[in-house]
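> With the input below, show me the fold.
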Amino acid sequence: MLRSVGAVVAGFVTMMVVVMIGTLAATAAFVPGGVRASMSATAGPLPASYLAANLLVSFLGAATGGAMAARLAPTSPWMHVAGLAALLLVLAVPSALRGSSPGQPGWYPWVIGLIGMGGVVVGAAIAGRRAA
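The predicted model follows:
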């Protein structure tokens with residue numbers, strides 16, 4: 001049981017590290033003024049290039065997390081991947097219901113959640129093919 005929880009937690013932590021680093025890089029690259037400007041109360045809408053980069057980073061992070069959870073699962077990798085996807089769902093729905101953050105379009109929190117769950121499955125599928 002502990003190894004199963006560890007596989008899901010490791011997948012989640014892996015995903016979060018990739019997303020945090022990628023988001024910082026995307027902010028520095030695509031938001032005028034970088035990270036400091038993006039946190040300003042007077043910041044306007046985020047550039048489309050940043051939103052696209054962040055969606056890609058979110059997908060890659062989720063795929064990496066899904067692969068990690070599948071690889072570390074002691075048995076039934078897809079059950080662990082489903083557990084990670086369910087965790088993302090539990091976190092994404094309240095966030096999406098709260099609405100978008102300043103500068104984000106209204107659809108953004110919903111799409112981030114869907115990309116996360118899809119990315120977890122894709123990453124696990126790729127990890128499974130490599131192991132075969």
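> Pretty sure residue 49 sits against residue 31.
No: with contacts counted by Cβ atoms under 8 Å, residue 49 stays clear of residue 31, the gap being 9.0 Å. Heads up, the C-betas are built off the backbone N, CA and C, glycines and all.
> if you count what's nearby, which of those two comes out ahead?
Set residue 49 next to residue 31 and count neighbours by other Cβ atoms under 10 Å: residue 31 wins out with 20 against 12.
> Identify the residue nearest the more buried one in space, chain neighbours excluded?
Leaving out its chain neighbours, the residue that sits closest to residue 31 by Cβ to Cβ, 6 or more residues apart in numbering is residue 38, at 4.7 Å.
> Can you give me every residue that contacts that neighbour?
27, 31, 46, 103 (Cβ atoms under 8 Å, 6 or more residues apart in numbering).
> so which helix or strand takes in the most centrally placed residue in the chain?
The centroid of the chain falls nearest to residue 58 when counting by Cα atoms, centre = their mean (3.9 Å). Applying DSSP states H and E as the criterion places residue 58 in helix 48-72.
> Can you list the helices and strands that that helix packs against?
Contacts defined by 3 or more Cβ pairs under 8 Å, 6 or more residues apart in numbering; DSSP states H and E place helix 48-72 against helix 2-30, helix 77-98, helix 108-131.
> who wins for proximity to residue 66 among the ones you listed?
Among the helices and strands packed on helix 48-72, the nearest to residue 66 by Cβ to Cβ is helix 108-131 (3.3 Å).
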